[in-house]
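Asker: The sequence and its predicted three-dimensional model are supplied below.
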Amino acid sequence: MRRAHVVHPVADLQIEYSLISRAVEADVLSTLRELGIGLTAYGVLGRGLISGHWTAGHTAGHTAGHTAGHTAGPGDSRGFSPRFSSGNVEHNLVLVEALRRVAETKGCTVAQLVIAWVAAQGEDIVPLVGARTRERLAEALPAMELNLTADDLADIEKAVPPAAARGDRYPSAFMSYLGVGN
């Protein structure tokens with residue numbers, strides 16, 4: 001980032017950042033802040049894993065106007081993600097249930113809580129949320145109005161401490177190319 005910034009000023013870096021993908025906190029975030037570069041965080045919902053809508057053992061789909069729990073079906077790249085593999089996904093969903101308890105005390109959804117947590121990490125960070133349906137977009141937007149107190153942030157950290165997620169973001173063959181960890 002420093003080398004690129006010398007060649008031409010960089011305004012923003014888009015990089016994965018969420019409660020379960022916090023590697024940028026080690027070195028990247030401090031460098032960005034030192035150089036005055038913003039961060040656009042993608043993967044905020046951990047590819048849906050920490051949205052509060054993913055459940056192990058169900059198939060993806062819509063029934064009676066609501067979304068059923070999801071598992072990675074044919075053509076779903078999450079089927080290759082170690083975080084969604086058997087054993088790991090069950091562990092990671094325990095973290096989501098801990099987040100659900102915090103969200104309930106705030107009167108919001110898990111997805112809203114997770115998005116608000118990313119936004120609360122600094123004014124130089126913008127959460128980028130992908131919404132596949134209008135229903136998910138309608139759920140995500142109020143997160144920007146959610147005010148998290150220091151106690152809320154501590155409760156979230158307690159529910160999902162750094163490195164709590166099990167499994168890499170990508171298969172190991174891809175992780176070596178990233179230059180930043182989980």
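Answerer: Happy to help now that I have it. Residues are numbered from 1 along each chain as shown.

Asker: Who are the contact partners of G130?
Answerer: By Cβ atoms under 8 Å, 6 or more residues apart in numbering, G130 lies in contact with Y42, L45. C-beta coordinates here come from the backbone N, C-alpha and C atoms, glycine included.

Asker: actually I156, sorry about that
Answerer: L19, L99, V102, L113, W117, L148.

Asker: Neighbour-wise, which one of the residues you listed leads?
Answerer: L113 (26 neighbours; other Cβ atoms under 10 Å).

Asker: In this structure L113 contacts T105, no?
Answerer: No: contact criterion Cβ atoms under 8 Å: L113 and T105 do not qualify, at 9.7 Å.

Asker: Okay, buried residues for stretch 118-128 please.
Answerer: V118, A119, A120, Q121, I125, V126, P127 (16 or more other Cβ atoms under 10 Å).

Asker: Checking my notes, the first one in a helix, right?
Answerer: Yes: secondary structure assignment (DSSP: H, G, I helix; E, B strand; the rest coil) places V118 inside a helix.

Asker: Can you verify my assumption that it contacts A41?
Answerer: Yes: in terms of Cβ under 8 Å, V118 counts as a neighbour of A41; the distance is 5.1 Å.
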